[in-house]
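Visitor: sequence isn't available, so here's the structure alone:
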């Protein structure tokens, strides 16, 4: 039972354009969402997060949007750069004593072409 | 900077061997985790620990065990390695359970091949 789903295995974007990565979840107990970026042969690195009490969080070129009613979140990267090419994982955690235990999506491979 | 260090980047083991994967973190984090990453499946939680000598099963614990004798160290043990345990193994740590807005910090990963 995949509670966090990233339905696009890959995304290809031109440098300077917007990249939009999507993520859907089914568990209504999730209340904290994160995006991680992973390069080959390295561990994932934290990118940006959002609490369920917000619908948007911005950090430089990265913005995460949360639509709780649709159980959907998205990561926008503007403008996209070749160095953004990586695998992006969406993750979620429940409240209470579950903080820190993350459920991940399958990942989306982003390729940014020069 | 938080540092999570896994003892090996690459390992090749034979079927039936007992395998130990070691992880150390230097930020005094209460929580530590072991995930495996497989193509198309994302990261799946094997085991986690929220305190010394405490452990809880994740989503795919079968064939694995863990040990946490010291706060900074969390070991994953493959009791009898099998080829379907060939994978990328990722250790992570985070602040104490219940703290809001907590992200997990990952090690560099161990690519294990079982032949």
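Guide: All right, it came through fine. The structure presented is a predicted model; accordingly, all values stated were derived computationally and were not measured. Numbering: from 1, shown residues only, chains lettered A, B, ... in the order given.

Visitor: make it CA atoms for all contacts and neighbour counts henceforth
Guide: OK.

Visitor: can you tell me how far residue A:42 is from chain B?
Guide: Between residue A:42 and chain B the distance, using C-alpha to the nearest C-alpha, to the nearest Å, works out to 5 Å.

Visitor: I meant to write residue A:57 there.
Guide: 13 Å.

Visitor: ok, the residue of chain B at minimum distance from chain A - contacts?
Guide: Per C-alpha to the nearest C-alpha, the residue of chain B with the smallest distance to chain A is residue B:42, at 3.7 Å. Residues in contact with residue B:42 (C-alpha atoms under 8 Å, 6 or more residues apart in numbering or on different chains) are A:89, A:104-107.

Visitor: can you flag which of the residues you listed belong to helices?
Guide: Within the contacts of residue B:42, membership in helices is found for no residue, as judged by DSSP state H.

Visitor: which single one of the residues you listed is nearest to chain B?
Guide: For these, the nearest to chain B is residue A:106 (3.7 Å; C-alpha to the nearest C-alpha).

Visitor: show me the beta-bridge partners of the nearest residue to the closest one once chain neighbours are set aside.
Guide: Spatially, and ignoring its direct neighbours in sequence, residue A:106 is nearest to residue B:42 (3.7 Å; C-alpha to C-alpha, 6 or more residues apart in numbering or on different chains). Using DSSP bridges, the bridge partners assigned to residue B:42 are residue B:38.

Visitor: ok, which stretches of chain B are strands?
Guide: Taking DSSP state E as the criterion, chain B contains strands spanning B:4-6, B:10-13, B:19-25, B:31-38, B:42-51, B:54-57, B:64-70, B:73-78, B:87-94, B:105-106, B:110-114.

Visitor: cool, and chain A?
Guide: Listed from the start of the chain, chain A has strands (DSSP E) covering A:4-5, A:10-14, A:19-25, A:30-38, A:45-51, A:56-59, A:62-67, A:72-77, A:86-94, A:103-104, A:108-113.

Visitor: tell me the contacts of the closest residue in space to residue A:14 that isn't next to it in sequence?
Guide: When the adjacent residues along the chain are set aside, residue A:14 lies closest to residue A:113, with 4.9 Å between them (C-alpha to C-alpha, 6+ apart). Contacts were defined as C-alpha under 8 Å, 6+ apart; by that measure residue A:113 touches A:12-15, A:81-82.

Visitor: could I get the strands of chain A as TSV with mean pLDDT?
Guide: As requested, these are exported to TSV (pLDDT from 0 to 100):
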stretch	mean pLDDT
strand A:4-5	96
strand A:10-14	97
strand A:19-25	98
strand A:30-38	93
strand A:45-51	93
strand A:56-59	96
strand A:62-67	98
strand A:72-77	98
strand A:86-94	93
strand A:103-104	92
strand A:108-113	97
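
Visitor: could the ones you listed go into CSV alongside distance to residue B:107?
Guide: Conversion of these to CSV gives the following (distance: least, C-alpha to C-alpha, whole Å):
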stretch, distance to residue B:107
strand A:4-5, 22
strand A:10-14, 24
strand A:19-25, 24
strand A:30-38, 11
strand A:45-51, 9
strand A:56-59, 24
strand A:62-67, 23
strand A:72-77, 24
strand A:86-94, 16
strand A:103-104, 16
strand A:108-113, 20
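
Visitor: just give me the neighbour total for residue A:114.
Guide: Around residue A:114 sit 11 other residues, with neighbours defined as other C-alpha atoms under 10 Å in any protein chain shown.

Visitor: and it, how far from residue A:85?
Guide: For residue A:114, the distance to residue A:85 under the criterion C-alpha to C-alpha, to the nearest Å works out to 11 Å.
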